[in-house]
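>>> Need coordinates for the following:
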Amino acid sequence: GGAEPGGRGGEAVRKCTGGKEGRDGLLGGRSLADKIGQLNFPHAAGLPTTGAAAGADTETLIRRGHLCGTSAGATIAERRALQSMAITESPHGIPLFFARDCLQRYITCGPIPLALSCSWDLDLISRIAQMTAREARADGVSLTWAPMLDISYDARWGRIAEGHGELPHLCAAIARAIVTGYQGADGDLARPDRMMATLKHFAGYGLSLAGRDYAAVEASPATLMRIMAPFKSGVAAGAGAVMVAFSALNDIPATAHRVLLQDILRDRFGFEGMIVTDFTAIDPELIHHGIATDAREAAYLAFKAGVAVDLVSGAFLHHLAALVEEGKTAPDARPWGPVTEAEITARCRQVLRAKERLGLFADPFMGLDEGLRAKVVRCPDHIALVREAAA
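Numbers count the residues shown, from 1 in each chain. The predicted structure is shown next:
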């Protein structure tokens, strides 16, 4: 079922089902804080973490309209409750993304991505991606932090298992297969068996010095263009989101790299979707990189580089409004010019467009159905598929 009767969600549905005009209607009259809230994706309390981040009070943020999505909720009932809260108790009833790091599988297990790439069987890889999307969306997950498209030539880098080898041409073909598997060849994401792909980590993350995760990357333009081929392919296939690398690329952290995110990803590759950070990549990582003195400066650098969604750090939520005010009184105070409300509106529109593509305004509870989950997850067809893949 869609927005709950009598809830505020009806307003969001009416204003956003009409394409760009509808999205602009939803944005019209919204406060700056409302728009910034759609750029915040916090870490949910109670979930395991691989980084230095405290869990956020998800329910309070939902009621304030201060997050675009969450990884909270381990069961369909919990996710339904959170989505209902967003629709009926937040200021404007905007539905949530539910996201997971699926990495080409959800519940039904099977060969790791690196093993699948060794098959050179693009149809098989696409069918595994379709299986993953069916299972994830049947559990209410609409956005995945996958596929990982990093090329690495150093076997010491532990994340090689998540990728697809060291051949850019093969990885580019696999990127197309996975994106179309997740999102469908027609790109229609408003279906209960599709989810949005996030290409990661843009760019050069797999070239970290000595194979040390988070370490710096030094690479020539020719090498960079080769290892970016999978991302270009994934963008061409219609991927809805791109996640930025943690690492510094030739001394500039990717999260604050305007040339990388604007000139290459946007202008050269033609990407129009959401640019998402990795886990705490704004704060504290930009501070650790030595280019930001504090979280406010880190938020400024990432936003002006082109980031739309701040994953986990909360730097956008806490500092963008102050940066807008600063820009009004001191427009020349910062090197890339002021942060403006018009820029924040444009980034918010990207997030709302992604939710519209996923059909969340028409049916915020898509996939959150115990009956559907029971039919799909670990069904006989999926078990047969992973046996085929393993063989």
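>>> and Leu199, backbone torsions?
phi -80, psi 130 (degrees, to the nearest 10).
>>> Where does the nearest residue to Arg30 once chain neighbours are set aside sit: helix, strand or coil?
Distances taken as C-beta to C-beta, 6 or more residues apart in numbering place His92 nearest to Arg30, at 6.7 Å, with adjacent residues excluded. (C-beta placed from N, C-alpha, C; glycine too.) Each residue gets one of three states, and His92 gets coil by DSSP: H, G, I helix; E, B strand; the rest coil.
>>> Thought Asp34 was touching His92, still the case?
Yes - when contacts are counted by C-beta atoms under 8 Å, His92 is listed as touching Asp34 (6.5 Å).
>>> Which residues are in contact with each of these two?
Gly65 (C-beta atoms under 8 Å, 6 or more residues apart in numbering).
>>> Residue most distant from the centroid, the protein?
In the chain, the residue that sits farthest from the middle, by C-alpha atoms, centre = their mean, is Thr329; the gap is 33.5 Å.
>>> Now it: phi and psi?
The phi/psi pair for Thr329 (degrees, to the nearest 10) is phi -90, psi -30.
>>> any idea how far it is from Leu320?
16 Å (C-beta to C-beta, to the nearest Å).
>>> One more: Ala391?
Taken as C-beta to C-beta, the span from Ala391 to Leu320 is 51 Å.
>>> And Pro380, by the same measure?
Taking C-beta to C-beta as the measure, Pro380 and Leu320 are separated by 49 Å.
>>> Settle it for me: which of the two has more neighbours?
A count of neighbours by other C-beta atoms under 10 Å puts Leu320 above the other of Pro380 and Leu320, at 26 against 7.
>>> which element is the more buried one on?
Using DSSP states H and E, Leu320 sits in helix 315-329.
>>> which parts of that helix are buried?
Neighbour-count burial for helix 315-329, counted by 16 or more other C-beta atoms under 10 Å, picks out Ala315, Phe316, Leu317, His318, His319, Leu320, Ala321, Leu323, Val324, Glu326, Gly327.
>>> Tell me the pLDDT of the fourth one.
So that's His318. pLDDT for His318: 97.
>>> tell me the contacts of it?
By C-beta under 8 Å, 6+ apart, His318 lies in contact with Ala295, Ala299.
>>> right, and Val59 touches Leu82 too?
Careful, residue 59 is Glu and not Val. Yes - counting by C-beta under 8 Å, Glu59 touches Leu82, with 7.4 Å between them.
>>> Show me which of these two is the more surrounded one.
Taking other C-beta under 10 Å, Glu59 and Leu82 do not tie; Leu82 has more neighbours (21 against 16).
>>> Could you verify that the more buried one is part of a helix?
Yes - counting by three-state DSSP, one finds Leu82 located in a helix.
>>> Pretty sure it sits against Phe97.
No - taking contacts as C-beta under 8 Å, Leu82 lies outside contact range of Phe97: 11.1 Å.
>>> okay, and the common contacts of these two?
Common neighbours of Leu82 and Phe97, counting by C-beta under 8 Å, 6+ apart, are Thr70.
>>> Share the number of residues neighbouring Arg334, please.
16.
>>> Quick check: it touching Leu301?
No - contact criterion C-beta under 8 Å: Arg334 and Leu301 do not qualify, at 9.0 Å.
>>> where does the stretch 201-350 of the chain dip in pLDDT?
Within the stretch 201-350 of the chain, no stretch has pLDDT under 70.
>>> Would you map the helices across it?
221-227, 229-236, 258, 285-288, 295-305, 315-329, 341-357 (DSSP state H, counting those that start in this stretch).
>>> Report the contact partners of the nearest residue to Asp310 once chain neighbours are set aside.
Of all residues not flanking Asp310 in the chain, Phe316 sits nearest, at 4.1 Å (C-beta to C-beta, 6+ apart). Residues in contact with Phe316 (C-beta under 8 Å, 6+ apart) are Ile36, Leu39, Asn40, Ile282, Ala299, Ala302, Phe303, Asp310.
>>> quick one on the thing from earlier: could you check the angle the helix holding Leu320 makes with helix 341-357?
Using axes from the mean of the first three to the mean of the last three C-alpha atoms, to 10 degrees, the inter-axis angle of helix 315-329 relative to helix 341-357 is 150 degrees.
>>> And the helix or strand that contains Ile128, what does it pack against?
Secondary structure assignment for Ile128, by DSSP H and E: helix 122-138. Using 3 or more C-beta pairs under 8 Å, 6 or more residues apart in numbering; DSSP states H and E, the elements in contact with helix 122-138 are helix 113-117, strand 143-144, helix 168-183, helix 370-376, helix 380-390.
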